[in-house]
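Novice: I'd like to go over a predicted model; first the sequence, then the structure.
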Amino acid sequence: EVQLVESGGGSVQTGGSLRLSCLASGFTFDEYTVAWFRQAPGKEREGVSCIRGSGGNTHSSDSVKGRFTISRDKALNTVYLQMTSLTPDDTGVYYCTGGSSWPPQENWGQGTQVTVSS
């Protein structure tokens, strides 16, 4: 059974940083691609960053490029999202996803809240 558990959310001020973690089980990173999505109140869900299972290529949306970095630790089966220079527009629930598609949407974590205040 595939499971994804996010952690690391919280409240920060504009310009602050947070690191989200996604602990994965039930698959290996060589098999599945992992991504981060987010959803702000009243807005559609948005893909943020993605790391391909085979090869580890990454992609980030234009809205976070240069500020967010996705990475993974295969030994810990954990994917990270390092977020810097946060703004209130980054506020939302952040979800970790895993699967075979690009970006993957087959399996979802429960989400972690990120709140950025001005």
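Specialist: Yep, it's here. Residues are numbered from 1 along each chain as shown.
Novice: Going by C-alpha atoms from here, please, whenever you check contacts or count neighbours.
Specialist: OK.
Novice: what's the pLDDT at Ser54?
Specialist: Model confidence at Ser54, given as pLDDT, is 82.
Novice: how about it, phi and psi?
Specialist: Here the main-chain torsion angles of Ser54 (degrees, to the nearest 10) amount to phi -90, psi 120.
Novice: go on, Asp90?
Specialist: phi -90, psi 0.
Novice: Show me where the protein has its strands.
Specialist: Assigned by DSSP state E, the strands in the chain fall at 3-7, 10-13, 18-25, 33-39, 46-51, 58-60, 68-73, 78-83, 92-99, 107-108, 112-117.
Novice: now these as a markdown table including mean pLDDT?
Specialist: What follows is the strands of the chain, written out as a markdown table (pLDDT from 0 to 100):
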| stretch | mean pLDDT |
| --- | --- |
| strand 3-7 | 97 |
| strand 10-13 | 98 |
| strand 18-25 | 97 |
| strand 33-39 | 97 |
| strand 46-51 | 97 |
| strand 58-60 | 96 |
| strand 68-73 | 97 |
| strand 78-83 | 98 |
| strand 92-99 | 97 |
| strand 107-108 | 96 |
| strand 112-117 | 98 |
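Novice: what about Thr115, distance to Asp30?
Specialist: 32 Å (C-alpha to C-alpha, to the nearest Å).
Novice: For those two, indicate the residue with more neighbours.
Specialist: Thr115 (19 against 12; other C-alpha atoms under 10 Å).
Novice: In this structure that one contacts Thr91, no?
Specialist: Yes: the pair Thr115 / Thr91 is scored as a contact, 4.6 Å apart, by C-alpha atoms under 8 Å.
Novice: separation between the residue positioned nearest the centre of the chain and Cys50?
Specialist: What sits nearest the mean C-alpha location of the chain, by C-alpha atoms, centre = their mean, is Trp36, with 2.7 Å. From Trp36 across to Cys50, the span is 6 Å (C-alpha to C-alpha).
Novice: got it, and Thr87?
Specialist: 21 Å.
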